[in-house]
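>>> Build me a model from this:
(chains A, B, C and D)
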Amino acid sequence: MDSIIKVDDFSFRYRDAKRCAVRHLDFEVPEGGFLCVVGPNGSGKSTLCNALVGLVPHHFNGKGRGSVRVLGQKVADQTIAQISCNVGFVFQNPFNQLSYTAGTVAEELAYGLGNHGVPRDEMVRRIEQIAGPLHLEGLLDRNPLELSGGQIQRVALGSTLIMNPRVLVLDECTTQLDPLGSEEIFDIVKKLNEDGMTVVMVDHDMERVARCADHVLALSRGNQVAFGTPEEVFGDPALEEHGVDIPDYVRISRTLEDEGLASGPVTLTEGACAERVGKALGR
Amino acid sequence: MSQRPVADDTARDAWLVALNPTAKVASVLVLGLASIVFPSPILGALIVVALFALAAAMGYFRPFAKLMIGFGIPVTLMLLLIQGCYSPQNVTVIADLGFARLGLEGTLYALSTVVTLLTFLGGFYLMNRTTYTGELVADLTERGLPPKAGYLVLASLNVVPQMKRRMATIQEAQVARGLDMGGDIISRVRATVPLLGPVVMSSLADAEERSMMLETHGFHLNERAHTSYVVVRHATADKPLVIASAVVLVLSVAARIASVAGVLPL
Amino acid sequence: MSEKASFAQKLKDQFSTKSLVLIPIAVGINLIGGTLCSMLKLPLFLDTIGTLVVACLSGPWVAALTGLLTNVFLAIVANPVNFPYAIVSVLVGLTAGYMARAGFFNKKSGIVAVWLAVTLVNAVSASLITSFVFGGATGINGTSVVTAAFVVALQDVLLSVFSSAILENLLDKGISVLIAYTIWRKIPRRLVSQYAMAGIADGEAPVGPGRDELDDKLEDDDLDFDDEDEDLDLGFDDEDL
Amino acid sequence: MKIEIKDLVHEYLPGMRALDGVNLTLDGTAPVAIIGQNGAGKTTLVKHFDGILRPTSGQVLLDGHDINERSCAQWSAHVGYVFQNPDNQLFLESVRHELEFGPRQLGVSEAAIAKRVERVAKLVGLSRKLDVNPADLTPAEKKFCAIGSVLTMKPEVVIFDEPTCGQDLAGNARLERIIRALRKSGRLCITISHDVKFVCKCFERVVVMCHGRVLVEGSVEEVFSQPELLKQSYVIPAPVTRVASAAGMNKVVFDVDSLIEGVKAERSS
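You can find the predicted model right below:
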């Protein structure tokens, strides 16, 4: 499999910052992969996301080293608009992801297409295409500013998906939503990934990370402390020392093992973990 | 005016809604200009009457009348006092109010100003009620307005309701911290900073993310003309409307010239 | 580089994306000044605070555009009477912007100068418009009544309009400038540096998207939080008030 | 402080009931968590505790005093409210000024303010950042600054709205410490949260709201042993709780340690 994202010894320091936001990041994600980036606040997760969509170094000034390649091309050599055709980006605050030029959700979805000069017929076609999977059919004529946070976040997701990107970068996009709203977004993203979209997601819900990621990148204070499959990353007992949270499922299986109640590799899902507990109970 | 009018063909104002937005704006501007140029308040008064009739036909008579009268009466009284009594151009006295004398020239000037103001007020009101701003901007962009100017107009309009909501939340948050919004005038003036400060600070932080959003959505692209999802309406009545307005303007200019030349006794 | 080209460049620098995004926000701040006044029952307008803050952040022309848009808005949404006064708002934006650039917003005595300048510019241009465009009164606010009273007393339209405008502006602009100054001082340098005025104020050239060598000196930053493991007591109870 | 709520109804618009007859008594110092879906009325309910909102009908009594007796600013000395978004609250030039703002509004003496600021800053972890502009703090630190600015007012009841939103492991641990400290000094802490893990860990009483009413109310054990009822309000129990019940454990558990204890106990029996 080809690597769709290739980060090669990448470091970056913002202009006015004393220290590097990220240092020596080095990893690859295959096409269709699902990468979750985890780590405490201030560990450089957002900087990495910004680098994947070209906001670093084109929008944020600073000094960098190494390279970030998406679809084989260096991000630094393209414009943000070019990159955004390949990489969709959704971030935390729903209200800041509206264009503020649209009176209806349909217009909001079509905003990026309009800037690329796409004719209206094509806009209508693409809106029809994405409204279904994003559950936006009933909202197309509503004013986006009057929607709930979860709904706006779906609109924001839609307005990037409409460009048909091959990579989707989600920077804590469910943090400000309630559980139901974030689950909805999450199910959509999971479905997109199953259909072949490469996803990079920053998330605080470790159980969710363990459930769906096929790659996990753990950062701490800008350093890459672990990269690999969830089993590898969460299986490493040293991870918590870096301030990185781990899924409770992992904690349970590890404690069971330490107490000599049930052994085996770390468990990552509710089912596997329950089975392990069952084993410990002697069932 | 950000409200999108529902495209309802059976509504009484469907005809006005269906007109091209730029044609509507142009007509209002041209008619207003005509009312300024025409050498007597009569034209403006006629236009105002016509606007009342139009508003009644469209089903907006009540709010329209409320707006026009609410603005018109105080401004008329004020101008009649200021210009009618104290205009340096006053020569012909038409009434003696005791404390001052009402002059014909000043009165005519005051009335001209009032009808012109009412023409613009009424014209814009009807335009706003029946025009979706997004459509107007889309239309103007098609006609050559830079997309960034369009952004400024629409974003300014859309940001206000959200800011008002935010201000209400900030008020709650500050009162919960013991901010007293009553009290004497000085303490109330002081209270503006806790209320406005968070709006400004958080807006500056938001500006960062919003500009990121614009950049990732191709805001800066200008190799190709930007397109819009909004359908710009065109009606057969557009051209006649604009032409008719233009004719009125031309006639007004002619009337003004004639009046200056002394041909027309106005 | 010719003088004109450098002016054009300066103008372009002022209109970065961030400044462009800032304009609608500043227009919004101008427009909620009215909401603020009704919330606090203040007999003021406070409709230039956004313009003044933007003047500090992004310079005269962005501030002028903010002023223009504010009035265009008021004209379309509220009352077309506001439209001719766009010139006033533009002039206020330019005045404040150039004064901010000259450093007047950085000290208290400068603020007094800004207050007087803005008041004067506003009063003169507004009374010219009120007198020559509207014949003396617009009837959209209480000022017209004051004007009428002055006319009765002074028997001179222009002088009356100007007198009432000066009175109104001394108070309103004074408080607006004070609020804008208070807020401006609280905006951290980090945010300020993103807008055009930063380079001008600090005399530093903005760093472009750099891919040059990174000095690899990794300083151990301060811990974000104090590391205290023991339970902390609020300890309020022994405190005498 | 004792909060009594009797038949509380709140309508933002006539006929639209955000709260539809809430009866609840909160007393003592056991921290209370209020959970439920968005739109269930959690925020509307707690906004009645310090008078930001007034009952459309029904009564809210604070230590026997009707909420309508005083203004919100007057109640703020007794009930502190930390809003979800700290950006709506912070406006001063330094963390120190933010922490001083509340007590100064209340007319507390300068010496007492300095003492409070020092203690609270230590508790919220901002001792070393007292002279930093709040706008320069990270979002997580801003949240702690907002919390601190309410704690310095020394309220008898503290309300947190979604405190864990945007916090990491270290932030959650600090919140836990703050909640413990509040309890120790005899204050009632009421928290709205979506984070079930956090709720199970730090709170003793849980109120589950649904469609403007209280669905269940009781100790954490009582509430989370009724999964069918919780489903109605879309509350999903914490991962540990789910694992334990899926594995067929008899005991309702909330953290890894008690799960292990439970496993040991059931093995030996």
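>>> any idea how far the residue nearest the centre of chain C is from residue D:41?
The residue lying closest to the centre of chain C (Cα atoms, centre = their mean) is residue C:52, at 1.2 Å. According to Cβ to Cβ, to the nearest Å, residue C:52 and residue D:41 sit 41 Å apart. Using the backbone N, CA and C atoms, a C-beta is placed for each residue, glycine as well.
>>> With residue C:183 instead?
35 Å.
>>> and what of residue A:156?
For residue A:156, the distance to residue D:41 - Cβ to Cβ - is 27 Å.
>>> who has more neighbours, those two?
residue A:156 (27 against 24; other Cβ atoms under 10 Å in any protein chain shown).
>>> Could you export the helix or strand hosting that one as CSV, CA atoms only?
Of the helices and strands defined by DSSP states H and E, residue A:156 is found in helix A:149-161. What follows is helix A:149-161, C-alpha atoms only, in CSV (Å, rounded to 0.1, in the frame of the first residue of the first chain):
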residue,chain,number,x,y,z
GLY,A,149,-23.5,22.8,17.4
GLY,A,150,-23.7,19.2,16.3
GLN,A,151,-25.7,20.2,13.2
ILE,A,152,-23.2,22.9,12.3
GLN,A,153,-20.4,20.5,12.7
ARG,A,154,-22.0,18.2,10.2
VAL,A,155,-22.4,21.2,7.9
ALA,A,156,-18.7,22.0,8.4
LEU,A,157,-17.9,18.4,7.6
GLY,A,158,-20.1,18.6,4.5
SER,A,159,-18.5,21.8,3.3
THR,A,160,-15.1,20.1,3.2
LEU,A,161,-16.3,16.7,1.9
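>>> Lowest mean pLDDT among the helices and strands of chain D, which one is it?
Between all helices and strands in chain D, the lowest mean by mean pLDDT, DSSP states H and E belongs to helix D:227-232, at a mean of 86.
>>> just checking, what packs against that one?
If contacts are counted by 3 or more Cβ pairs under 8 Å, 6 or more residues apart in numbering or on different chains; DSSP states H and E, helix D:227-232 sits against strand D:205-210, strand D:213-219.
>>> For residue B:62, find the nearest of the ones you listed.
For residue B:62, the closest of those is strand D:213-219, at 41.7 Å, according to Cβ to Cβ.
>>> which residues are contacting the closest one?
D:19-24, D:36, D:41, D:204-209, D:222-223, D:226, D:229-230, D:232-233 (Cβ atoms under 8 Å, 6 or more residues apart in numbering or on different chains).
>>> residues of the helix or strand that comes right after it that come out buried?
Moving toward the C-terminus from strand D:213-219, the next helix or strand (DSSP H and E) is helix D:220-224. Judged by neighbour count (16 or more other Cβ atoms under 10 Å in any protein chain shown), helix D:220-224 contains these buried residues: D:220, D:223, D:224.
>>> ok, those vs residue B:12, which is closest?
For the buried residues of helix D:220-224, the nearest to residue B:12 is residue D:223 (56.5 Å; Cβ to Cβ).
>>> how many neighbours does the spatially closest residue to residue D:72 that is not a sequence neighbour have?
Sequence neighbours aside, residue D:51 is the residue nearest to residue D:72 in space, at 4.1 Å (criterion: Cβ to Cβ, 6 or more residues apart in numbering or on different chains). Taking other Cβ under 10 Å as the criterion, the count of residues near residue D:51 is 24.
>>> Over to residue A:273?
30.
>>> Write down the beta-bridge partners of residue A:25, one by one.
residue A:10 (DSSP bridges).
>>> One more: residue A:168?
Going by DSSP bridges, residue A:168 forms beta bridges with residue A:88, residue A:199.
>>> ok so, going back, my hunch is that the residue nearest to residue D:72 is in a strand, does that hold up?
No - under DSSP: H, G, I helix; E, B strand; the rest coil, residue D:51 falls outside any strand and is assigned coil.
>>> about what we covered before: contacting residues around the least confident helix or strand of chain D?
Helix D:227-232 is contacted by residues D:208, D:210, D:215, D:216, D:223, D:224, D:236, D:237, D:245 when judged by Cβ under 8 Å, 6+ apart.
>>> check contacts around the closest residue in space to the second one that isn't next to it in sequence.
Taking Cβ to Cβ, 6+ apart, and ignoring the residues beside it in sequence, residue D:210 has residue D:233 as its nearest neighbour in space, at 3.9 Å. The contact partners of residue D:233, taken as Cβ under 8 Å, 6+ apart, are D:35, D:36, D:37, D:40, D:208, D:209, D:210, D:215.
>>> same question, residue B:235
Residues near residue B:235 by Cβ under 8 Å, 6+ apart: B:15, B:18, B:19, B:20, B:23.
>>> re the thing from before, and which of the contacts of residue D:233 is nearest to residue D:256?
After measuring the contacts of residue D:233 against residue D:256 - Cβ to Cβ - the closest member comes out as residue D:35, at 21.2 Å.
>>> For the helix or strand residue B:48 falls within, what is the distance to the chain centroid?
Per DSSP H and E, residue B:48 falls inside helix B:41-58. Put simply, helix B:41-58 sits 16 Å off its chain's centre (Cα atoms, centre = their mean, to the nearest Å).
>>> Which residue ranges of the stretch 1-150 of chain B form strands?
B:93-96, B:101-103 (DSSP state E, counting those that start in this stretch).
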